[in-house]
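*Asks:* Need a 3D model of the following:
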Amino acid sequence: MVSDLRATELKVANLGAIALQEDILATAKRIVIKIGSSLLVHPDGCPNSAWLLTVAADIAKLRRRGRDVIIISSGAVALGAKKLGLRSRESLTASQACAAVGQINLAGLWTETLQSQQIIAAQMLLTLDDLEERRRYLNISSTLEKLIQTGAIPVINENDSVATEEIRYGDNDRLAARVAQACNADCIILLSDVDGLYDRNPSDPSAKILRNIRTIDNIILDVAQGAVSDVGSGGMASKIEAAATAMSSGIDMIIASGKKDYPLCAIQNGEPHSLFHKQEGDADKGQKKWLNGRLRAQGTLFIDEGAAQALTNGASLLAIGVKGYDKDFTRGDVVEIIDPNGTLLARGLSEYDARDIDIIMGKNKDEIAQILPYTPRSALVHRNHMVML
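*Replies:* Here you go, the predicted structure:
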């Protein structure tokens, strides 16, 4: 637990910012909402269906205001444990079996819940490894984008029936941060059993909620380690880890209570919550940070002046603007993009193998459709998977 002196310093610094807390939901275009097992499933193993209907109503309001929503939902293991009569934490195998049964129920629950608002639910099961491997990362990002374009809401959970490390630590906070990177989100909301991060154990009558956090420092880490939460085994510490990932990727994150009906409206109406502010001056979105920080280039694309200007203006790289390439790279590999002056202009993930680029470069979309044996992708390097240098 943080010392009284350091806690006092933290509270004083935070109190001046309370009145300045922003309504992030009024400005965020794309929002990832994470819901934990203790909110979604009652202690007896039955789903909290009535509460979920209020969440669906909140989501429908956000969509009517032009917001994109992605849901990260725990609950499969808890629902499966009820069905099988098992104690899910007795072994990894028991947890995996519970997840295999419970995921069907969880998907059905979300389908019915979102249908109440005439919203189509789509299921995606991921592990953290899926977001670390380049090809799978591209596929996940593309699928999420297409689902959002069609009006469906992706409902994502860890693939707990095959996961190992993830299932032992038992929460989706880190996954929410990685998905937010992959889908170019502006904000993450972690609905919890507490209404934010406190300067000490929330059961202490003198505890104060920290409304605005702009830096994850040792004081915040000390507070998180001493916090108590009933959500998963990761608790507040895993939420702070997710916040650090989000903030450094240009994504705001909120921890708020889910123990009330219409929890998203409650945030907008001023109910207490903790807002972790994205790092100021960080223009790159999450997946671009991942791209720029983790990968080496496997190939090179040489582009014309028109393409260079388009990229500078924020466009994707199309085949028609490519004049040559170097090295035998494959889809998902990092390529460097060189302008006509020989200057390194950008780095991005290639949507095509080099052998395909060899036959489609310099051609427009209609020509490409006649050449390739499969439906062509919209760009050689999409702007969402490109960082300007």
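
*Asks:* element containing the residue nearest the centre of the chain?
*Replies:* The residue lying closest to the centre of the chain (CA atoms, centre = their mean) is Ala180, at 2.0 Å. Secondary structure assignment for Ala180, by DSSP states H and E: helix 173-182.

*Asks:* so where do the strands sit in the stretch 251-389 of the chain?
*Replies:* Shown for the stretch 251-389 of the chain, the strands assigned by DSSP state E, counting those that start in this stretch span residues 252-257, 273-276, 299-303, 322-326, 334-338, 344-349, 386-388.

*Asks:* Which stretch among the ones you listed approaches Tyr198 most closely?
*Replies:* Distance to Tyr198, taken as CB to CB, is lowest for strand 273-276 among the strands of the stretch 251-389 of the chain, at 8.6 Å. Every residue, glycine included, has its C-beta placed from N, CA and C.

*Asks:* surely Asp41 meets Ser49?
*Replies:* For the record, residue 41 is Val, not Asp. No. If you go by CB atoms under 8 Å, Val41 and Ser49 don't touch, sitting 10.3 Å apart.

*Asks:* ok, the two, which is more surrounded?
*Replies:* Val41 (24 against 12; other CB atoms under 10 Å).

*Asks:* Let me see the contact set for that one.
*Replies:* Pro47, Asn48, Gly75, Ala78, Leu79, Lys82 (CB atoms under 8 Å, 6 or more residues apart in numbering).

*Asks:* so what's it bridging to?
*Replies:* Val41 has these beta-bridge partners by DSSP bridges: Pro47.

*Asks:* Next: Cys187.
*Replies:* On the basis of DSSP bridges, Cys187 is bridged to Ile31, Asp252.

*Asks:* From what I see, it and Asp252 are in contact.
*Replies:* Yes. Contact criterion CB under 8 Å: Cys187 and Asp252 qualify, at 4.6 Å.

*Asks:* between these two, what contacts are shared?
*Replies:* Ile24, Ala28.

*Asks:* before we move on, the earlier item: excluding chain neighbours, what is closest to the residue nearest to the centre of the chain?
*Replies:* Val32 (4.5 Å; CB to CB, 6 or more residues apart in numbering).

*Asks:* That neighbour: neighbour count?
*Replies:* The number of residues packed near Val32 is 30, by other CB under 10 Å.

*Asks:* Which stretches in the stretch 1-150 of the chain count as strands?
*Replies:* Applying DSSP E, counting those that start in this stretch to the stretch 1-150 of the chain gives strands spanning 30-35, 68-73, 121-126.

*Asks:* Make a markdown table from those strands and add distance to Ser378 and mean pLDDT to it.
*Replies:* Listed next are the strands of the stretch 1-150 of the chain as a markdown table, based on distance: least, CB to CB, whole Å; pLDDT from 0 to 100:
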| stretch | distance to Ser378 | mean pLDDT |
| --- | --- | --- |
| strand 30-35 | 19 | 97 |
| strand 68-73 | 18 | 97 |
| strand 121-126 | 20 | 95 |
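
*Asks:* Can you tell me which of these is nearest to Ala266?
*Replies:* strand 30-35 (13.1 Å).

*Asks:* Buried residues, that closest one. List them.
*Replies:* Neighbour-count burial for strand 30-35, with 16 or more other CB atoms under 10 Å as criterion, is recorded at Arg30, Ile31, Val32, Ile33, Lys34, Ile35.

*Asks:* Of the residues you listed, which is the nearest to Ala242?
*Replies:* Of all the buried residues of strand 30-35, Lys34 has the smallest distance to Ala242: 8.3 Å, by CB to CB.

*Asks:* how about that closest one, what does it touch?
*Replies:* Ile71, Ile72, Ser73, Ser74, Asn172, Asp173, Ala176, Ile188, Ile189, Leu190, Leu191.

*Asks:* show me what contacts Ile188?
*Replies:* By CB under 8 Å, 6+ apart, the neighbours of Ile188 are 31-34, 176-177, 180, 242, 246, 251-254.

*Asks:* Include distance to Asp366 when you put those into TSV, please.
*Replies:* As requested, the contacts of Ile188 are exported to TSV (distance: CB to CB, whole Å):
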residue	distance to Asp366
Ile31	36
Val32	36
Ile33	40
Lys34	42
Ala176	40
Ala177	40
Ala180	35
Ala242	44
Ala246	40
Ile251	37
Asp252	41
Met253	43
Ile254	45
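
*Asks:* between those residues, which is nearest Gln117?
*Replies:* For the contacts of Ile188, the nearest to Gln117 is Ile33 (14.2 Å; CB to CB).

*Asks:* Please verify my assumption that that closest one contacts Arg67.
*Replies:* No. Look at Ile33 against Arg67 with CB under 8 Å: they stay out of range, at 10.6 Å.

*Asks:* ranges for the helices of the stretch 101-250 of the chain?
*Replies:* Secondary structure of the stretch 101-250 of the chain (DSSP state H, counting those that start in this stretch): helices located at 134-150, 165-169, 173-182, 218-226, 235-248.
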